[in-house]
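Student: the following block contains a protein sequence and its predicted model.
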Amino acid sequence: MNTVLRRRDFNRLAVSLLALGLSANVSGTSKPNTLLVVGDSLSAEYGIARGTGWVALLDKQLAQDKRPWQVVNASVSGDTTAGGLARLPKLLQQHQPKLVVIELGGNDALRGFPLKTTENNLTQMVAACRRAKAAVLLIGMQVPPNYGQEYVQEFSRMFVRISQQQRTQLVPFLLKGVADAPDPTALFQPDRIHPKAQAHPIILSNVWPVLKSML
């Protein structure tokens, strides 16, 4: 009788330990963090094959490094800072990102929007991300010299100023090594605005060192 009871007690103990182990495994399985990219055609793989843009390459880099992050690319070709600001609240609510990469502003310049408007929109986007408890990486851009020296300088300084005031991380120039290459036309599509696929690893190399420190 005692032997039977001891066996029953042992079986109950084994089942309890197994249940505890399964519970620990389940609770220890964490959902990957979300990295949200809100950008324009430079991030939306305009004119190139799907999976060859810098955001897709970033996703592969994270998987290769076995980092628990999933990338959501919410970039839209032709988007402006006003468009990004309008879309952002829903994106933050839907994806609840831990980190947001903002790559906007180039189309504002192409359309001749006032710099103050662009700066206000980007500042509001950063503030919205902060309220959602998401870290922010701001991507800077530069415009061609034909815009005039003063505008070119002010446009570039705008990103630095926002980054300093809002205390975000900054990539000063997304297209470094592409737009300022010895023969930049070789890395651009015929429109001379959108980089070819072979330029996107260079673009990622501009973003990755800063982004890596934030993960």
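Tutor: On my side now, so go ahead.

Student: downstream of the strand ranked longest in the chain, the next helix or strand is which one?
Tutor: The longest strand of the chain (DSSP state E) is strand 33-39. Later in the chain than strand 33-39, the nearest helix or strand by DSSP states H and E is helix 54-64.

Student: low-confidence stretches in the protein?
Tutor: Scanning the chain with the threshold set as pLDDT under 70 gives 1-29.

Student: quick one: the strands in it, in order.
Tutor: All strands of the chain, identified by DSSP E, fall at 33-39, 69-73, 99-103, 135-139, 169-171.

Student: can you say which of these is packed in most?
Tutor: Highest mean neighbour count of those: strand 99-103, a mean of 25 (counted as mean count of other C-beta atoms under 10 Å). (C-beta placed from N, C-alpha, C; glycine too.)

Student: before we move on, the earlier item: need the contact partners of the longest strand of the chain.
Tutor: For strand 33-39, the external contacting residues (C-beta atoms under 8 Å, 6 or more residues apart in numbering) are 43, 55, 58, 62, 68-76, 79, 84, 87-88, 91-92, 95-104, 125, 134, 139.

Student: same question, stretch 134-151
Tutor: Contacts of stretch 134-151 (C-beta under 8 Å, 6+ apart): 36, 39, 92, 97-106, 109, 115, 122, 126, 129-130, 152, 155-156, 159-160, 162-163, 166, 168-175, 179, 207, 210-211, 214.

Student: ok, the nearest residue to Ala127 once chain neighbours are set aside - contacts?
Tutor: Leaving aside its sequence neighbours, Ala127 sits nearest to Gln166 (C-beta to C-beta, 6 or more residues apart in numbering; 7.3 Å). Gln166 sits next to 123, 126-127, 130, 136, 138 when contact means C-beta under 8 Å, 6+ apart.
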